[in-house]
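**Q** Sequence first, predicted coordinates after that:
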Amino acid sequence: MFKNQDYSNPKIDLVQKSLHADCKNCFGLCCVALPFAASADFAIDKVAGKPCQNLQSDFRCSIHKDLRQKGFKGCTVFECFGAGQKVSKVTFDGVDWRKDPEVAKKMFNVFPIMHQLHEMLWYLTEALRLKATRSIHIEISSMLDKTEQLTQLSPESLIELDVPAHRAGVNTLLLKTSELVRTQFLTKLKISKKKVDRRGANLMGAKLKGADLRGANLRGAYLIATDLRGADLREADLIGADFRDADISGADLTGCIFLTQVQINSAKGDEHTKLPNLLSRPAHWSSKTNKIV
């Protein structure tokens, strides 16, 4: 079996540990700072900066156990990559936004920026774990350090940060990572890269049950409601791919790169879906549904 990952790096283990949401140490920022509109994902409209009607005084959600049943599926999909507790406890040193309108305004502006930086950290730490990227580990490590330093900036500096420019630099390394990983994998399998180049492809609702997508470039692909039951997605590049309501029951996603918990949460799967080690099986996945037939 082709193995492209090395999970024995203490430095990236420490960084990645901080990239998971710790709601107990957050002031409910995702429930306040972010807007959402009444849709299949949310039961109501909410503007940015306004607390969700379900947010309690202790920053807990009053319907947390029933979010999907109450029409708030979008909340069960979201992952802040640890940005919530970082902004609450580090950037603003534990100051509650409810106590100062000016602090609240800044905090709500900083949160989406920190969210983007932490997402970049997630991708960079993953890239550093890959054996195929050893030739560019120094470059990736340098970008990781730079991104970490940006997360430590003051609220004012974060608000002024040119996030798109920094993301462009990160993306250059992620593209190199994808090329190295997939080239090594596809060469071993004697598969042409042109055959599996589906970058940005519109595959919404496509019938790809049992498809061989090993090593595919699916960056930014639209996989909304796509039938991927039993599909083989090993070593595929899935960064930015839209998995909303895609059926990945029985699919093999081991070894794929740049897949996030958000994408997994938005898809449909079952106990037979094989996931990368760093991702968790969503609680709403049922073993009684999405069976391959």
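**A** Right, received. Where do you want to start? Numbering: from 1, shown residues only.
**Q** Now stretch 106-125: buried residues?
**A** 106-108, 110-125 (16 or more other CB atoms under 10 Å). Where you see a C-beta, it was placed from the backbone N, CA and C, and this is true even at glycine.
**Q** my bad, should have said stretch 133-145
**A** Judged by neighbour count using 16+ other CB under 10 Å, the buried positions of stretch 133-145 are 133, 136, 139-141, 143-144.
**Q** Same check on stretch 67-80?
**A** Going by neighbour count (16+ other CB under 10 Å), the buried part of stretch 67-80 is 67, 71-75, 77-80.
**Q** Of all the helices and strands in the protein, which has the lowest average confidence?
**A** None of the helices or strands of the chain scores lower by mean pLDDT, DSSP states H and E than helix 10-17, at a mean of 83.
**Q** who touches that one?
**A** Applying CB atoms under 8 Å, 6 or more residues apart in numbering, the contact partners of helix 10-17 are 7, 121-122, 125, 128-129, 144, 148, 278.
**Q** Now render those as CSV, adding distance to residue 55, secondary structure and pLDDT.
**A** As requested, the contacts of helix 10-17 are exported to CSV (distance: CB to CB, whole Å; DSSP: H, G, I helix; E, B strand; the rest coil; pLDDT from 0 to 100):
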residue, distance to residue 55, secondary structure, pLDDT
7, 36, coil, 51
121, 27, helix, 97
122, 26, helix, 97
125, 31, helix, 96
128, 36, helix, 94
129, 36, helix, 91
144, 33, helix, 96
148, 30, helix, 97
278, 29, coil, 86
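**Q** Now flag whichever of the buried residues of stretch 67-80 is closest to residue 55.
**A** Residue 55 has its nearest neighbour among these in residue 75, at 10.7 Å by CB to CB.
**Q** Against residue 59, how distant is residue 246?
**A** Using CB to CB, to the nearest Å, we find residue 246 at a distance of 32 Å from residue 59.
**Q** Among those two, which residue is more densely surrounded?
**A** residue 246 (28 against 20; other CB atoms under 10 Å).
**Q** The more buried one touches residue 226, doesn't it?
**A** Yes: look at residue 246 against residue 226 with CB atoms under 8 Å: they come within range, at 4.6 Å.
**Q** which residues in the stretch 151-293 of the chain form helices?
**A** Assigned by DSSP state H, counting those that start in this stretch, the stretch 151-293 of the chain shows helices spanning 155-160, 163-189, 261-266.
**Q** What helices and strands are in contact with the second one?
**A** This means helix 163-189. With contacts defined as 3 or more CB pairs under 8 Å, 6 or more residues apart in numbering; DSSP states H and E, the packing partners of helix 163-189 are helix 101-129, helix 137-151.
**Q** For residue 257, which of those helices is the nearest?
**A** Shortest distance between residue 257 and the helices and strands packed on helix 163-189, using CB to CB, is found for helix 101-129: 6.7 Å.
**Q** Tell me who's in contact with residue 42.
**A** 36, 71-75.
**Q** Restricted to helices, list these.
**A** Among those, the ones falling in helices (DSSP state H) are 73-75.
**Q** As JSON lines, those with pLDDT and distance to residue 206 would be great.
**A** Formatted as JSON lines, the ones in helices among the contacts of residue 42 follow (pLDDT from 0 to 100; distance: CB to CB, whole Å):
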{"residue": "73", "pLDDT": "93", "distance to residue 206": "22"}
{"residue": "74", "pLDDT": "93", "distance to residue 206": "24"}
{"residue": "75", "pLDDT": "95", "distance to residue 206": "28"}
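**Q** List just the nearest of the residues you listed to residue 48.
**A** Using CB to CB, those come closest to residue 48 at residue 74, 14.5 Å.
**Q** Looking at per-residue confidence, what score does the spatially closest residue to that closest one that is not a sequence neighbour get?
**A** Of all residues not flanking residue 74 in the chain, residue 41 sits nearest, at 3.3 Å (CB to CB, 6 or more residues apart in numbering). Listed pLDDT for residue 41 reads 92.
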